[in-house]
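**Student:** what follows is a predicted protein model with its sequence.
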Amino acid sequence: MNIDSVRNGIVLDHIKAGACMEIYKYLKLDQLDCQVAIIKNAKSSKMGKKDIIKIDSPIDIDLDVLGYIDPDITVDIIKDGHLVEKKHLALPQKLVNVIHCKNPRCITTDEKQLDAIFLLSDPEKRTYRCAYCEAERKSHR
Amino acid sequence: MRHLIDITDLTVEEIDQLIATAEDIMENPAKYQDVAAHKQLATLFFEPSTRTRLSFESAMLGLGGSVLGFSSAASSSTAKGETVTDTVRTVSCYADIIAMRHPKEGAPFAASRRSQVPIINAGDGGHNHPTQTLTDLLTIHRERGSLNNFTIGFCGDLKFGRTVHSLVNALSRYTGIHFVFIAPEELKMPAYINEALRRKGLPYEETESLEDAMPRLDILYMTRVQKERFFNEADYIRLKDTYVLDPAKLQSAKADLCILHPLPRVNEIAVSVDDDPRARYFEQVRCGKFIRMALIMKLLDLKA
Ligand SMILES: [Zn+2]
């Protein structure tokens, strides 16, 4: 795979250096059949070093998951070798089944079939609260 | 369809309406004695609380409705491993409204997402207990004539006391209230509650001395200081009597002070205080029934 020439697919850019494997895991990219290129420690004028993930297929990306992990990532949509859209992310208001509650007194730790729901409680501090027990979780960074 | 899971599910206007309805029921109970005829309340108590369950059942019976349910997890199908969601979906085939108590935080919220009928949270672990807060608000309203402009002291375990946190949160939506938090260092109000008051510009003070605070108080809300909250026995013994209300401590109190307690008490209010006209905690229990009647009417959209 020539990593510079995604024809139809997605490029996740401006990933904080070292974070690409975590995103690979959260987005379940290991389950894809298409080519996926992971570039670690690419040079960046803005960030010094950054990671990049290139996916050679126009898959649906869960932007909420990505926004939760790191809202500074940019998502480039490539069609016929051209950049057709650059998506900027935001912290999602609501996360469903992305993170799970760690409060042992919470009903979701007993009944695993319940949707794990978290609501954004403080955008500045990037904190979320469990919709069931209100236990707080911080965003990744 | 509306549920009551957290006190903030209700607007201030809705709480005021509930209080007005409850006060009207107290004045004219006969007017309301049949408004819930042929309606059924299920009390699903996955954890025993006889006091709260009886209050709900008495409320429903007072409206002419009937009640069914269970009073501990051992007597429900949860003992066989059924989920809260399944239990509630089943019961909502029989009942028109459900009051639910559960040891796990968030269980009533989980239930409300799948229920076909309104769910009232009757206490979920150490998390929420909104009908206790409504009870407190009705009692204060009846004692003071309004929910504005008074000094309220909270005494005892302010760190873990969910009724206290919820009441402070509810009162912070009214005006002219001065909060006094009376607790030992170990059981102080959590920082996030104080922070929320600061952000709203509401005045509060913290003290370790009930005697010092007493002369300023219009309302004194007592809570239980539980032994298991302390790291060692010595601290508990040193502190427990400091936060026991007795006639001697009441000598410097205002003549129209109103003493509240969510009950049950252990020893934090001396029995000799019960006959003092300022002791209003049994009136508070009575208010609990009437505010629950008003709440059931609201959630079932019943009119007198
Ligand atoms: Zn939780």
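**Tutor:** Cool, the structure landed.

**Student:** residue contacts, the closest residue to chain A within the stretch 51-200 of chain B?
**Tutor:** Going by C-beta to the nearest C-beta, chain A is nearest to B:G106 of the stretch 51-200 of chain B, at 2.5 Å. Just so you know, the C-beta spots here come from the backbone N, C-alpha and C atoms, and that holds for glycine as well. Neighbouring residues of B:G106 by C-beta atoms under 8 Å, 6 or more residues apart in numbering or on different chains: A:C106, A:I107, A:T108, A:C130, A:A131, A:Y132, A:C133, B:D124, B:H127.

**Student:** out of everything not next to it in sequence, what's closest to it?
**Tutor:** Distances taken as C-beta to C-beta, 6 or more residues apart in numbering or on different chains place A:Y132 nearest to B:G106, at 2.5 Å, with adjacent residues excluded.

**Student:** which of the helices or strands spans the one you found?
**Tutor:** Following DSSP states H and E, there is no helix or strand that holds A:Y132.

**Student:** surely it is in contact with A:C101?
**Tutor:** Yes. Using C-beta atoms under 8 Å, A:Y132 is in contact with A:C101, at 6.8 Å.

**Student:** who touches both of the two?
**Tutor:** Applying C-beta under 8 Å, 6+ apart, one finds that A:Y132 and A:C101 are jointly contacted by A:T108.

**Student:** let me see the domain layout of the chain.
**Tutor:** Picked chain A for this. Domain ranges of chain A: A:9-88, A:94-136, per automatic domain parsing.

**Student:** look at chain B instead
**Tutor:** B:7-130+B:286-299, B:131-285.

**Student:** roughly how far apart are the residue of chain A positioned farthest from its centre and B:L187?
**Tutor:** Residue farthest from the centre of chain A, counting by C-alpha atoms, centre = their mean, is A:R105 at 28.4 Å. As judged by C-beta to C-beta, to the nearest Å, A:R105 and B:L187 stand 19 Å apart.

**Student:** repeat for B:Q33
**Tutor:** 44 Å.

**Student:** if you count surrounding residues, which of those two has more?
**Tutor:** B:L187 (22 against 15; other C-beta atoms under 10 Å in any protein chain shown).

**Student:** that one against B:F231, yeah?
**Tutor:** No. B:L187 is not in contact with B:F231 according to C-beta under 8 Å; the separation is 11.8 Å.

**Student:** burial of B:T83, as a residue count?
**Tutor:** B:T83, neighbours per other C-beta under 10 Å, totals 20.

**Student:** likewise for the one 5 residues further on?
**Tutor:** For B:V88, the count of nearby residues is 26 (other C-beta under 10 Å).
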